[in-house]
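Asker: I'll drop the sequence and a predicted model, then ask my questions.
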Amino acid sequence: MTLLSVNLNKIAVLRNSRGGDEPSIIQAAQTCIEAGCGGITVHPRPDQRHVLPDDVRALAAMLRGRVEYNIEGNPFAPARSNYPGLISLAREVKPTQVTLVPDGDGQITSDHGFDLQNDIERLRPLVDELREIGCRVSLFVDAGAEGFEHAAAIGVQRIEIYTGPYAHAFAEGDAREVLASCAETARRAQQAGLAVNAGHDLSQANLGTFRAAIPGLAEVSIGHALIGEALYEGLATTVRNYLQILR
Ligand SMILES: CC(=O)[C@@H](O)[C@H](O)COP(=O)(O)O
Ligand SMILES: NCC(=O)COP(=O)(O)O
């Protein structure tokens, strides 16, 4: 069964746009859980454009023991005022999973994964620390990435395939080549002993085709499209629609 982890970044975008407490990220999480999602994902960025450190803390308190909690971010992004750093936040709230994403500050969104050949030694001490905390560690990678045996050797347990290029190709009408690359990437990662997650720009339109091509897909984390669709259909209904696709 592929777990649906709802990314709540875009709830925080709307909330921060007026500087108040509404819409509530906690109420959104509660609605998603009651609708049946298996996890909640947030990506607290250093520039605090959406999810804030206090959101991460508040979610930890309400999610514990209910659904999986996945926190994403760049572990190398330095701490700054009001942003303690990803590893420090993980040490504080002990989420189920931490997904390491090599995003720079200037990016409008995540758009690439780690270079496992060159980044693995820098990642080793961070993976050690996250495992010590008790978190599952996942690395954000591009389709076609190499070096999964190195990732497994330093204690990484999952990869998350960056599905932005797949979603774009799907929207353009021909995703066969990208999908085949994602499937081969998943196969090689599983062969190296890693479980496979996926995320970025997945939607009700493209998820079924992706899921059918990736045997054993452990988790999808979905936010932008899901929250957008929820503006029309309602959050609970939208979550249930995704769960129906993943059945
Ligand atoms: C890693 C990834 O692809 C997404 O989870 C990311 O969290 C999207 O970030 P924004 O919501 O800031 O675009
Ligand atoms: N890891 C992907 C994620 O959490 C959500 O990405 P998106 O659906 O907002 O593009």
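Answerer: All right, it came through fine. Ligands and ions are numbered 1, 2, ... in the order given.
Asker: hmm, who's touching the one helix or strand residue 242 maps to?
Answerer: Here residue 242, judged by DSSP states H and E, is contained in helix 235-245. Contact with helix 235-245 is made by 4, 6, 28, 31-32, 34-37, 204, 207-208, 211, 222, 226-227, 229-230, 233, as judged by CB atoms under 8 Å, 6 or more residues apart in numbering. All C-beta spots, glycine's among them, are computed from the backbone N, C-alpha and C.
Asker: of those, list those near ligand 2.
Answerer: residue 222 (CB under 6 Å from any ligand atom).
Asker: all helices for the protein, in order.
Answerer: For the chain, the helices defined by DSSP state H occupy 9-16, 25-35, 53-63, 86-93, 116-133, 148-153, 164-172, 176-191, 207-213, 224-233, 235-245.
Asker: Including mean pLDDT, distance to residue 109 and mean neighbour count, could those go into CSV?
Answerer: Listed next are the helices of the chain as CSV, based on pLDDT from 0 to 100; distance: least, CB to CB, whole Å; neighbours: other CB atoms under 10 Å:
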stretch, mean pLDDT, distance to residue 109, mean neighbour count
helix 9-16, 98, 9, 20
helix 25-35, 98, 18, 19
helix 53-63, 97, 18, 17
helix 86-93, 98, 17, 19
helix 116-133, 96, 20, 16
helix 148-153, 97, 23, 18
helix 164-172, 98, 8, 18
helix 176-191, 98, 18, 18
helix 207-213, 98, 18, 17
helix 224-233, 98, 8, 17
helix 235-245, 98, 20, 18
